[in-house]
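>>> fold the following, please.
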Amino acid sequence: MGERLLAIDTATIACSVALFEDGVLITSNYAEIGRGHAEKLIPAIAGLPDRGKAAKILVNCGPGSFTGVRIGISAAKALALAWGADIQGYSCLALVAAQAQEQLDVPLPVCVAMLAGHGEYFLQNFASNGKPLAPFAALTPEQATGAVKADIIAGSAAAELATAIGADMHFPILPNAKYIYLVSDEMKKMPATATYGRKPDAQPAITA
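Predicted coordinates for the structure are as follows:
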């Protein structure tokens, strides 16, 4: 058996896992579930060959859902500890940009816009080589219209933003772990720590 890698993605309404061996996809599981990632994720991993056991783990670190990001990273860290596996992270937006590039005939700049809650978007522009042009930002729809630096928009907010600015091409994409090999190696070396992008909706009570 060659070197195996497990990819875990729970940062959005989608929940996906994928198992690779020597860079080749063995099998994957993808579902758009909205909520309930904690209940869906472990059975999905357990349903993979050898219960998903791998020497390396990659996990989506956000930005995205506060709960979803936390669940994915917690599970990845627990498995890495149990298996003695290496663990690293990747950006949700970088994967979406790479998935959009895969649908193009030639590489082009892509702007990724993901729904961030409370009417905001997580927005980041990527060059045609997949590298980010600047850090991502959480923006209102009005702010986002002035921040787009590409003719192609991808992500869960792509349709809304494309309509607002009159963009001709958009891809309503959610991240899918089976496509993680579309992301360059240098962009899959993030520490396995959360990048929430926004503060959690629930805040602790302040006592006098």
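>>> only C-alpha atoms for contact and neighbour calcs from this point on.
OK.
>>> just checking, Val148 touches Cys111?
Yes. Counting by Cα atoms under 8 Å, Cys111 is a contact partner of Val148 at 6.2 Å.
>>> of those two, which one has the most company?
Set Val148 next to Cys111 and count neighbours by other Cα atoms under 10 Å: Cys111 wins out with 27 against 20.
>>> circling back: common neighbours of Val148 and Cys111, please.
Asn125 (Cα atoms under 8 Å, 6 or more residues apart in numbering).
>>> determine the longest helix present in the chain.
helix 66-83 (DSSP state H).
>>> average model confidence for that helix?
In this model, helix 66-83 has an average pLDDT of 97.
>>> again, but for stretch 35-49
94.
>>> run the chain-centre distance for it.
17 Å (Cα atoms, centre = their mean, to the nearest Å).
>>> contacts for that stretch, please.
With Cα under 8 Å, 6+ apart, stretch 35-49 has contacts from 10, 13, 15-17, 19, 27-29, 51-52, 68, 71-72, 75.
>>> try it again at 7 Å.
10, 13, 15, 17, 29, 51-52, 68, 71 (Cα atoms under 7 Å, 6 or more residues apart in numbering).
>>> on that earlier part again, dump the C-alpha coordinates for the very next helix or strand once past the longest helix of the chain into PDB.
Going down the chain from helix 66-83, the next helix or strand is strand 86-90, by DSSP states H and E. What follows is strand 86-90, C-alpha atoms only, in PDB (Å, rounded to 0.1, in the frame of the first residue of the first chain):
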ATOM      1  CA  ASP A  86       0.900  14.500   9.700                       C
ATOM      2  CA  ILE A  87      -1.700  17.200   9.600                       C
ATOM      3  CA  GLN A  88      -1.900  20.400   7.600                       C
ATOM      4  CA  GLY A  89      -4.600  22.800   6.500                       C
ATOM      5  CA  TYR A  90      -5.800  24.600   3.400                       C
END
